[in-house]
Structure formats: C-alpha cells, structure tokens
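[1] Here you go, sequence then predicted model.
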Amino acid sequence: MKQFILVSLAALIPFAVTPSLATEALTKIQGEDTMKEKVKQLLKSIETGNQKPVSYINPQKYIQHNLNVKDGLAGFGEVLSQLPKGSAKVNTVRTFRDGNYVFTHTEYNFFGPKIGFDIFRFEDGLIVEHWDNLQQTENKTASGRTQIDGPTIPTDLDKTLENKALVKNFIDDILLNGKVDKITTYISKKKYHQHNPNVSDGLDALGKALAKMAKAGTPMTYQKSHIILGEGNFVLSVAEGKFLGKHVSFYDLFRIENGKIVEHWDTIEEITSKDKQQNQNGKFGFQK
C-alpha cells in the first residue's frame, strides 16, 4: 500500500511565531467553536498559503504522529518544499470537537487526490499534537456514494456519551472479538449507508464483503482500539490491525440514529515501517 505524506498544517513556516502573534491571531477568530475554526483555517492554509494560521500551533511543543514527517514545526518546511506551488487543494467537509480534541474529515489534493482524517489536540488554546490517516480517493465505489459525501452537521449533542459507548461496544464485540451474532445490536437492519469504496449499502453487503475477504485469505483484522472520539451523532474510532496482510491504522467514522449505526466512512493506511519513520512518536499514542 502506498505511503502518503500529510502536509496537513502545511503552508507553513517561513517565520518564527511569537506569543504576541499567536495571541493576536487567536483573538481575531470568530465562530461558535474557536478550536474548530482554528483547525479549519489551518488546514485551508495548505491551499491558500496563508501564514497566519501557523500561529495556532504551539511553537514550543508540537508532537507529530504522521510518521512520514519529522517532529515539530520544522518538519513541515521540509515536506512543503516537495509540493509544487499552487497544486494543493483542501476541502474540509466535517469538523467535530470532543473535549480538547478536534477531528476533521477532509478531501485533499496534494501529491494526488486523497481522503483524510486529521486529529488535533489543544492545550491552552494552541495545537500541540497531530494525528492523521489518509487513503487514495477512488472515483468508482460499490455503493455509488463518494468517500466523503453525506450529512455533515452533528445533531443529538446530548447523546454524545451514549453514542460513543455504542461505537466502543461495537468495536469490542464485533471487530475485536468477532461476536458477529450481535451485529444487529449495533447496525441498523433498515438503513446502512456505506462510503467504503469496496462495500455496497446495507448490512447484508457488509457481511458478504467480510466473508469474501476471509475466504480469499486476506481478512481485515482489528487488533487494538486506541481512542473513540465523538460529537453528537458522529463518532470516530481509531484502531490498528491487519489488512491485505499489512500492518494498518483504521479510522472509522460512524453516524448514529435512534441508537443504531446508519452510516459509515473510513480510511485505511499502512503504518510506516520503523526503519523509515521520520519521528519517534508512534502512529497512535493518544492520551486517555
């Protein structure tokens, strides 16, 4: 599986960021959720080249979990030099917040079209840590849906904890422990919209796809769940395991209605081998 480099936070850093610049930039951000707005502006700066959003990152502490990028702000300058000028496009479709984490679902075009999830952790109003997961965009999908279309605005905000618990139990029971007889406890039998390019809509199609992979000797195996993040009826799961015989990270985004999963988006990315990793922070390393 091809390795992808996220220059996500990119258009970055030809100048030093001072605390006064950071404070000035932060006070000018408007919107209902300042942390979300900072992240959206930062991601868009990859495309526009706007340098101001880099001041939303703590210049003294920036932990990078994209294993193809060196740690800290300096790593971005090196990656950015590889990007042809004016070639990047960024369309952030979904932005959610869970405590001091903001997570996004974005359509990218740099070094080719990709779909990506990004996670940012904040401390004292500044970004201090970043994770991502990228997959090449597919033009043709089994369901006829794209890898990123569908509802975007979270609802049922009072049910965030309940929905996170539902997804956690789904990951534990079905994906980690193979209790497939319980799948209808979690996924709706009436409506299940699928955005994985290789799987059609509906619960039956999911079962057939998994059975086909198992028969071919290339099962998709979840081995460890690392974090569950959510806002309202949208919940993101980050896990690792095996896919097509490779060590991968699974990012799965679920939408929930009336206590059931009714929609699913995902990206699967091969984890860079240790001898090629550009930082020592690991792919995961989430704070519980």
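    All right, it came through fine.

[2] Now the most centrally placed residue in the chain. Nearest residue, chain neighbours left out?
    Residue closest to the mean C-alpha point of the chain, counted by Cα atoms, centre = their mean, is F117 at 2.0 Å. Leaving out its chain neighbours, the residue that sits closest to F117 by Cβ to Cβ, 6 or more residues apart in numbering is Y251, at 4.4 Å. Yep, even glycine has a C-beta here, placed from its N, CA and C like the rest.

[3] May I ask you to confirm that the one you found is in contact with T106?
    No. Under the criterion of Cβ atoms under 8 Å, Y251 is not in contact with T106, lying 11.8 Å apart.

[4] Could you tell me which residues touch both of the two?
    Taking Cβ atoms under 8 Å, 6 or more residues apart in numbering as the contact criterion, the common neighbours of Y251 and T106 are F117.

[5] now the residue nearest to F117, what's its secondary structure?
    Here Y251 is recorded as strand under DSSP: H, G, I helix; E, B strand; the rest coil.

[6] bridging residues for it?
    Assessed by DSSP bridges, Y251 has beta-bridge partners V238, T267.

[7] so who does it touch?
    The contact partners of Y251, by Cβ under 8 Å, 6+ apart, come to F117, N133, L236, S237, V238, D266, T267, I268, E269.

[8] The fourth one against I171, yeah?
    Yes. A contact is recorded between S237 and I171 when judged using Cβ under 8 Å, the distance being 5.5 Å.

[9] Can you check which residues contact both of these two?
    Taking Cβ under 8 Å, 6+ apart as the criterion, S237 and I171 both touch S225, I228.

[10] Mind jotting down where the helices sit in the stretch 101-250 of the chain?
    For the stretch 101-250 of the chain, the helices defined by DSSP state H, counting those that start in this stretch cover 160-170, 203-215.

[11] List the buried residues of the last one.
    Within helix 203-215, the residues that count as buried by 16 or more other Cβ atoms under 10 Å are L203, A205, L206, A209, M213.

[12] now the first one: how far from I187?
    Counting by Cβ to Cβ, to the nearest Å, the gap between L203 and I187 amounts to 5 Å.
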